[in-house]
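Q: only the shape, not the letters, is given here:
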């Protein structure tokens, strides 16, 4: 009875959060499943269409192109993000007079909102007046020759990925820095006495000890990259010629521009299924590695 009373007291404290969570998370998810089986506009539910939205999705070339664009972004940013975050954490973890400056500077961009960061990127990558092209001219790029970062598909992806890495690396950098500080100094001292170099200590001690946080960051980064939307929407609008339009933007345009919320909900749950499968694969692989 005493344990039950304690559990009930805990439930009372959790109840406000549970109510909000059910209203704003669980209920919209249930409603979204219902919407995917209907022809549904911004104004009202029109008619039941069964699995027609799903059939349409599998035959929609634009949907699969948008999924592919999001996948390109995942491949561009995820491994680069992990390598960059580890590198910055190594720099900030070294004992130095500039240690506090490094930590502040590396984390600072992550406090910006996505709109502020995106408009900064838009300014940086502009031809003629942008900072990047100005810097390239200072390095010797001929006058009159401009790099059009935002109007060529391959260069647009590089610009978007570079901005995203600069803006979001701070969070992962902090995670890696915290993990590095948990590694006992005795391990490095013992390795040094055995004649190990800094490179050997990094590959044999630091990286293996960072494996748990790396697996977490890998999954979080993949999910975040598949959900990319606003920075691409602001910088390129999905162009040129929809070559950088991610799946979230296509869902947004379908639901709110074309007034087809039923089909948009269907695509949203397909994206959820993709992320769920990737999460399961990552979980299985991680468990196998830990078992070994």
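A: Now that the structure is in, tell me what you want to look at. Please read these numbers as outputs of a predicted model, since none were measured by experiment.
Q: tell me the centre residue of this structure?
A: Against the mean C-alpha coordinate of the chain, by CA atoms, centre = their mean, the closest residue is residue 224 at 2.5 Å.
Q: for it, which non-adjacent residue is closest in space?
A: In space, and not counting its chain neighbours, residue 224 is closest to residue 168: 7.5 Å by CB to CB, 6 or more residues apart in numbering. In this view, the C-beta of every residue, glycine as well, is placed from N, C-alpha and C.
Q: who's in contact with the one you found?
A: For residue 168, the contacting residues are 81, 110, 224, by CB atoms under 8 Å, 6 or more residues apart in numbering.
Q: and the gap between the last one and residue 91?
A: Applying CB to CB, to the nearest Å, one obtains 23 Å for the distance of residue 224 from residue 91.
Q: then the second one?
A: The spacing between residue 110 and residue 91, counted by CB to CB, is 16 Å.
Q: try the first one
A: For residue 81, the distance to residue 91 under the criterion CB to CB works out to 16 Å.
Q: check which helices and strands the helix or strand containing residue 136 is in contact with.
A: Using DSSP states H and E, residue 136 sits in helix 131-138. Counting contacts by 3 or more CB pairs under 8 Å, 6 or more residues apart in numbering; DSSP states H and E, helix 131-138 packs against helix 114-124.
Q: just the buried residues of the helix holding residue 136, please?
A: 132, 133 (16 or more other CB atoms under 10 Å).
Q: tilt between the following helix or strand past that helix and helix 131-138?
A: Past helix 131-138, further along toward the C-terminus, the next helix or strand under DSSP H and E is helix 153-181. Angle, helix 153-181 to helix 131-138, by axes from the mean of the first three to the mean of the last three CA atoms, to 10 degrees: 100 degrees.
Q: what separates helix 153-181 from the chain centre, distance-wise?
A: On the basis of CA atoms, centre = their mean, to the nearest Å, helix 153-181 sits 9 Å off its chain's mean C-alpha point.
Q: could you point out which element follows it?
A: helix 185-193.
Q: could you give the mean pLDDT of that next one?
A: Helix 185-193 carries an average pLDDT of 88.
Q: same for it, what does it pack against?
A: By 3+ CB pairs under 8 Å, 6+ apart, helix 185-193 packs against helix 198-201.
Q: give me the contact list for the helix it packs on.
A: 188, 191, 192.
Q: picking up where we left off before, just the pLDDT for the residue nearest to the centre of the chain.
A: pLDDT for residue 224: 91.
Q: check which helix or strand it maps to.
A: helix 211-226.
Q: output the contacting helices and strands for that helix.
A: Helix 211-226 sits against helix 61-93, helix 153-181, helix 261-291, with contacts defined as 3+ CB pairs under 8 Å, 6+ apart.
Q: what sits against residue 252?
A: Here residue 252 is in contact with 229, 264 (CB under 8 Å, 6+ apart).
Q: could you redo the last one with a cut-off of 10 Å?
A: Going by CB atoms under 10 Å, 6 or more residues apart in numbering, residue 252 touches 229, 230, 233, 238, 246, 264.
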